[in-house]
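A.B. asks: Compute the structure for the input listed below.
(one chain, ligands or ions: 1)
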Amino acid sequence: MAGKIIRTIGVLTSGGDAPGMNAAIRSVVRTALGKGLKVRGIRRGYQGLLNEEIIDLSARDVSETIQRGGTILQTARCEEMRTEEGQQKAAAICKKYGIDGLVVIGGDGSFAGAQRLANYGVNTIGIPGTIDLDIACTEYTIGFDTAVNTAMEAIDKIRDTSTSHERCSIIEVMGRDAGYLALWCGIANGAERILMPEEHDYDEDAIIADIQESRKRGKKNYIIINAEGIGDSVNMAKRIEEATGMETRATIIGYMQRGGSPSCKDRVYASIMGAMAVDLLLEGKSNRVVGYKHGEYVDFDIDEAITMKKAIPEYQYEIAKQLAL
Ligand code: F6P
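C.D. replies: As a prediction, the model looks like this:
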């Protein structure tokens, strides 16, 4: 149905929330209204679509939202949308509410839903919104900057007390199966070690030997950033304390990383990506995802986007290790 005339645009947020999602919603709403379209907000992601939780949105409905964390539309993970019946039902509901174009703000899983809806004739555009930075077709995902700064500030605080007590601190950051939050915090916080799922065969004995060695060199603390994809931080702390004799504490930063007022970067990227999603729909495009690559905002085929794999930049990881002398 690509090329059909778009009169009404729907917008939803799906999967884990991320700071900046509201800025993206606001941009979709105001761009679409400014171009003479009607906008419908879908609450609670695909689950809300299946439950027909659909509201009209005006420019005033998104006032004072650009600075707010979370998502004003709420979000959910939806098992039903993984089934063919669910997808057909969702497409039929879009049709019933006159939604010719749908903007989906979320991660890879959310894009898979958008791809299915496109197959059933709803023009869809995805906007990458996740703190994990794990979408291969784009160098940036909305929410990462705010989340990584939240984690960095928390780790700075943990470092203070860790130094006072001459402890080893294992700090677990989010990221699901990706290590970007861990890598960035590792560099920004000057960690001694970064453990990421992409390098899952880390050597605990080598870490223990390094802690003992670093004590001899006069280091007052030892910071390990552990990615959620490795996990096991509490047990790891017990094992390290036992083997080294150095008091070791684990801190799991957790959901704090998903909240808070979005950074300038997240607000700006979200605003531009939101407007671009509407423009792509108006150009008759569908089954695309907005991205940022080589300094430019671009769009990719969703089919291609969800099959691409993202690797941790080896050179950056090597630098992080070098700086931990
Ligand atoms: O994808 C964002 C994220 O916060 C991941 O880092 C984490 O693994 C996951 O969501 C947690 O999801 P939930 O909110 O379902 O517990």
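A.B. asks: Return the residues in contact with the nearest residue to residue 62 once chain neighbours are set aside.
C.D. replies: Counting by Cβ to Cβ, 6 or more residues apart in numbering, residue 62 lies nearest to residue 26, which is 4.0 Å off, once chain neighbours are set aside. The C-beta positions use only the backbone N, C-alpha and C, and glycine is treated the same way. Residues near residue 26 by Cβ atoms under 8 Å, 6 or more residues apart in numbering: 62, 65, 66, 271, 274.
A.B. asks: Ok, residue 249 next?
C.D. replies: Residue 249 neighbours (Cβ under 8 Å, 6+ apart): 162, 167, 168, 169, 170, 237.
A.B. asks: and the contacts of residue 26 near the ligand, which?
C.D. replies: Among those, proximity to the ligand is found for none (Cβ under 6 Å from any ligand atom).
A.B. asks: got a winner among these for most neighbours?
C.D. replies: In terms of neighbours by other Cβ atoms under 10 Å, the contacts of residue 26 top out with residue 274 at 29 neighbours.
A.B. asks: Check which helices and strands the strand or helix carrying that residue is in contact with.
C.D. replies: Here residue 274, judged by DSSP states H and E, is contained in helix 264-282. If contacts are counted by 3 or more Cβ pairs under 8 Å, 6 or more residues apart in numbering; DSSP states H and E, helix 264-282 sits against helix 21-34, strand 101-106, strand 123-128, helix 144-165, strand 288-293, strand 296-301.
A.B. asks: can you put these in TSV and add mean pLDDT and distance to the ligand?
C.D. replies: Below are those laid out as TSV (pLDDT from 0 to 100; distance: least, Cβ to the nearest ligand atom, whole Å):
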stretch	mean pLDDT	distance to the ligand
helix 21-34	98	12
strand 101-106	98	9
strand 123-128	98	11
helix 144-165	98	8
strand 288-293	97	16
strand 296-301	96	20
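A.B. asks: Just send the ones you listed back as JSON lines, with distance to residue 233 too.
C.D. replies: Putting these into JSON lines (distance: least, Cβ to Cβ, whole Å) gives the following:
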{"stretch": "helix 21-34", "distance to residue 233": "28"}
{"stretch": "strand 101-106", "distance to residue 233": "27"}
{"stretch": "strand 123-128", "distance to residue 233": "28"}
{"stretch": "helix 144-165", "distance to residue 233": "12"}
{"stretch": "strand 288-293", "distance to residue 233": "32"}
{"stretch": "strand 296-301", "distance to residue 233": "35"}
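A.B. asks: quick one: residue 169 from residue 285, how far?
C.D. replies: Remark: distance between residue 169 and residue 285 (Cβ to Cβ, to the nearest Å) = 48 Å.
A.B. asks: Kindly report the same for residue 187.
C.D. replies: 37 Å.
A.B. asks: Check residue 309 too.
C.D. replies: Relative to residue 285, and taking Cβ to Cβ, residue 309 is found at 24 Å.
A.B. asks: returning to what we had before: may I ask which of the contacts of residue 249 has the most neighbours?
C.D. replies: Result: residue 168 is most packed of the contacts of residue 249 (other Cβ under 10 Å), 27 neighbours.
A.B. asks: So what would you say the end-to-end distance of stretch 90-104 is?
C.D. replies: 13 Å (Cα to Cα, to the nearest Å).
A.B. asks: for it, which positions count as buried?
C.D. replies: Across stretch 90-104, burial judged by 16 or more other Cβ atoms under 10 Å covers 90, 91, 93, 94, 99, 100, 101, 102, 103, 104.
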